[in-house]
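> Just need the structure, nothing else, for what follows:
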Amino acid sequence: MDRSIELGKEAQKTDLINADVLLQYCANNGFSAPVADIQDIRQAASALSLAVSKASAELGMDEIAVPFQEVLLKYAAEPLSKVTQRSRHEPQFPEGVAGSEQWVRHSLEKIANVAPGKLAWHDIYADEALQDAIRADKETSEGKSASALHGIPVGVKDMFDQTGKRAGWGGTLRQSEAVATQEATMITRLKQAGALILGTQHMAEFAMSPTGLNATYGPGQNPWNTAHVSGGSSSGAGMSVGAGHVPLALGSDTGGSVRLPAALCGVVGLKATQYRTSLHGVMPLSPNLDGVGPLAQTVRLVGEAYAAIAGPDGVDLSCLPVKPNLPDWDTPNTNMTIAYPVLEAGSLLTEEMLNAFKATLATFKEMGFTLVKTKLPDLDLLGQLASVMLAAESAAVHRHWLMTQPEKYGRQVRRRLSRGFFVSGMDYYDVLRLRPVFLKRFLEESMPGADAFLLPTTPGEAPKITDTIGSDETILEKRFSALSYWTRGINYLGVPGISFPAGRGAQGLPLGVQLIGRPLGEDRILSMAHQFEMQTGWPKK
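Below you'll find the predicted structure:
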């Protein structure tokens with residue numbers, strides 16, 4: 001028998017793990033990791049495997065992995081409107097700003113003077129943005145405004161291809177890569193809508209941290225208090241919108257990476273239905289969980305950005321063949337049902353966050369929405385199944401570079417990516433088979449007849465940066481996992497979610513809640529969040 005197979009069997013043991021055997025197993029498969037980390041990595045992978053085994057125990061042989069796009073379409077919500085709407089709403093200029101050129105200059109001034117400042121940005125295209133703004137002002141004067149995004153400065157996460165530029169993906173690995181020769185579909189669509197790309201933004205290295213941790217460029221800082229984290233991995237998006245640098249930014253969400261920084265930085269963030277946004281020209285992490293999403297100062301602007309970027313793409317054939325719908329922003333519609341679970345304060349939910357959650361429910365009830373008490377899904381299990389998918393897919397994406405340039409990865413990111421080397425093909429296939437089962441269960445048990453399901457977005461306020469860095473990686477990983485507890489499993493289900501401000505905590509930092517919708521039910525959760533915003537006045541700083 002091949003020695004690598006024998007070592008592989010040895011490496012599957014979950015009790016006493018011999019580090020020497022593991023190191024040899026890894027070496028035989030072209031992978032290396034620090035001795036201090038290898039056992040932690042393997043134990044983490046073993047825990048994920050155990051979760052899959054328990055979840056798949058009742059799966060029959062006839063339960064096969066079907067294209068999840070078909071499953072999402074099967075359970076899709078009916079649109080509020082039969083016609084895809086494109087708002088002609090005029091951009092809301094900041095006070096004292098009269099046009100796009102002034103707006104870009106205003107943004108540059110904000111970046112220079114409002115914390116966290118330049119940290120929120122990777123590259124700033126000041127000259128290009130000013131030239132584009134002058135052209136946008138001319139188009140506006142001629143009555144040629146393209147959309148509600150026309151002439152507004154926008155930041156984009158440092159992971160989208162732009163012609164003649166190199167996306168850094170939050171690290172140094174790609175410094176020798178050639179510049180892009182074409183635009184990511186998302187960049188093309190933003191420009192077609194008239195948005196002005198002001199620059200690229202800070203992100204967690206390879207989009208692998210829910211706090212905004214970046215070993216190369218420094219951790220993301222919260223604009224409300226820079227001693228606290230911004231949330232990640234779309235850290236620069238949360239920082240820049242929360243600080244008022246720009247009204248809108250584009251991020252990505254694989255396990256909460258749009259909703260987490262939105263919640264912690266006091267802004268709005270939308271994760272669309274899986275496969276609703278094109279991944280062409282976007283840094284891959286876990287393609288079956290990845291999604292592009294906007295963060296903005298208002299629900300309406302998030303919705304307008306979503307309508308501009310979402311929809312079928314002839315280049316990315318994984319996209320759902322359905323155009324996006326928007327609600328009627330100006331006509332309140334409370335003829336919808338919100339389901340919610342009964343929650344208690346604990347290690348994953350602070351008393352302040354629980355109070356904000358209850359207050360949000362009370363506001364929705366006061367506004368006339370129907371509330372229904374239902375079952376909380378097993379978010380821990382859903383999160384573990386998502387982690388198996390993430391581990392396998394991200395390790396496959398990074399395998400070559402992990403083997404040839406491991407020094408280009410920060411320790412925390414390398415540990416998390418390395419779990420995928422120990423995920424079996426059987427576990428990965430079972431995770432694919434289980435996905436429709438758990439989606440159906442969620443819709444039937446947590447959202448029976450409801451249009452949305454309300455959850456907290458985070459356990460509480462943004463943690464201090466000092467509590468998210470240190471030498472004990474095992475403790476830090478548990479804290480990271482807790483921060484994304486309320487978001488990670490939602491990506492596995494593939495359903496949309498919007499996070500929006502719902503108050504402040506004991507330290508004066510923002511608290512956010514999220515409305516989870518049915519597949520393709522973005523218009524409904526956008527409508528609800530918009531009406532809540534109009535009622536409460538959030539977000540505000």
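> quick one, phi psi at R300?
Torsion angles at R300 (phi, psi; degrees, to the nearest 10) stand at phi -60, psi -40.
> so it touches H530, yeah?
Yes. At 5.9 Å, R300 counts as touching H530 under the criterion of Cβ atoms under 8 Å. C-beta here means a position set from N, CA and C on the backbone, and glycine is covered the same way.
> Give the residues shared as contacts by these two.
Common neighbours of R300 and H530, counting by Cβ atoms under 8 Å, 6 or more residues apart in numbering, are W329.
> Tell me which residues are up against stretch 389-409.
With contact meaning Cβ under 8 Å, 6+ apart, stretch 389-409 is reached by 30-33, 45, 48, 171-173, 205-206, 208, 254-255, 284-289, 414, 416-421, 423, 427-428, 431-432, 492.
> 7 Å instead?
Here stretch 389-409 makes contact (Cβ atoms under 7 Å, 6 or more residues apart in numbering) with 30-32, 45, 48, 171-173, 254-255, 284-289, 414, 417, 419-421, 423, 428, 431, 492.
> Stretch 217-226 now?
Residues contacting stretch 217-226 (Cβ under 7 Å, 6+ apart): 115-116, 119, 202, 211-213, 228-230, 232, 235, 239, 242-243, 264-266, 462, 465, 468-469, 509-510.
> hang on, the earlier thing: can you tell me which of the contacts of stretch 389-409 are buried?
Neighbour-count burial (16 or more other Cβ atoms under 10 Å) applied to these gives 31, 45, 48, 171-173, 254-255, 284-289, 414, 417, 419-421, 423, 428, 431, 492.
> show me where the stretch 351-500 of the chain has helices.
Along the stretch 351-500 of the chain, counting by DSSP state H, counting those that start in this stretch, helices occupy 351-367, 379-404, 411-418, 425-445, 473-483, 485-493.
> Compare those and give me the one nearest C319.
C319 sits nearest to helix 485-493 of all the helices of the stretch 351-500 of the chain, at 16.8 Å, using Cβ to Cβ.
> Correct me if wrong: G410 contacts F206.
No. Using Cβ atoms under 7 Å, G410 is not in contact with F206, being 8.9 Å away.
> which of the two has more neighbours?
When neighbours are counted by other Cβ atoms under 10 Å, G410 and F206 differ, and F206 comes out ahead with 26 against 19.
> helix, strand or coil for the more buried one?
Classification of F206 using DSSP: H, G, I helix; E, B strand; the rest coil returns helix.
> for V156, same thing?
Under three-state DSSP, V156 comes out as strand.
> isn't it right up against I197?
Yes. With contact defined as Cβ under 7 Å, V156 reaches I197; the gap is 6.1 Å.
> Between the two, which has more neighbouring residues?
A direct count of neighbours by other Cβ under 10 Å for V156 and I197 places V156 higher, at 27 against 20.
> secondary structure class for the closest residue to that one other than its chain neighbours?
Distances taken as Cβ to Cβ, 6 or more residues apart in numbering put L250 closest to V156, at 4.6 Å, once the chain neighbours are dropped. Three-state call for L250 (three-state DSSP): strand.
> Ignoring the adjacent residues along the chain, who's closest to N491?
L289 (4.7 Å).
> what pLDDT does the closest residue to F357 other than its chain neighbours get?
In space, and not counting its chain neighbours, F357 is closest to P456: 5.5 Å by Cβ to Cβ, 6+ apart. Looking at P456, its pLDDT stands at 98.
> Over to S471?
Reported pLDDT for S471: 72.
> Next up, the contacts around it.
By Cβ under 7 Å, 6+ apart, S471 has no neighbours at all.
> R411 versus that one, what's the distance?
S471 is 10 Å from R411, where distance means Cβ to Cβ, to the nearest Å.
> Next: V154.
33 Å.
> Pretty sure A227 sits in a strand.
Yes. Assigned with three-state DSSP, A227 falls within a strand.
> so it makes contact with A462?
No. Assessed by Cβ under 7 Å, A227 is found out of contact with A462, at 9.4 Å.
> residue contacts, S424?
S424 makes contact with S49 under the criterion Cβ under 7 Å, 6+ apart.
> Quickly note the distance from it to G489.
Taking Cβ to Cβ, one finds S424 at 21 Å from G489.
> again, but for L59
Taking Cβ to Cβ, one finds L59 at 19 Å from G489.
> what about the two, which has more around it?
In this view L59 and G489 are compared by other Cβ under 10 Å, and G489 has more residues nearby, 25 against 13.
> So for the more buried one, what's the nearest residue that isn't a sequence neighbour?
That would be L382: by Cβ to Cβ, 6+ apart, it lies 2.8 Å from G489.
> joint contacts of V156 and I197?
I187.
> just to revisit the earlier point, just put the helices of the stretch 351-500 of the chain in JSON lines and tack on distance to I525.
Listed next are those as JSON lines, based on distance: least, Cβ to Cβ, whole Å:
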{"stretch": "helix 351-367", "distance to I525": "12"}
{"stretch": "helix 379-404", "distance to I525": "18"}
{"stretch": "helix 411-418", "distance to I525": "30"}
{"stretch": "helix 425-445", "distance to I525": "14"}
{"stretch": "helix 473-483", "distance to I525": "22"}
{"stretch": "helix 485-493", "distance to I525": "12"}
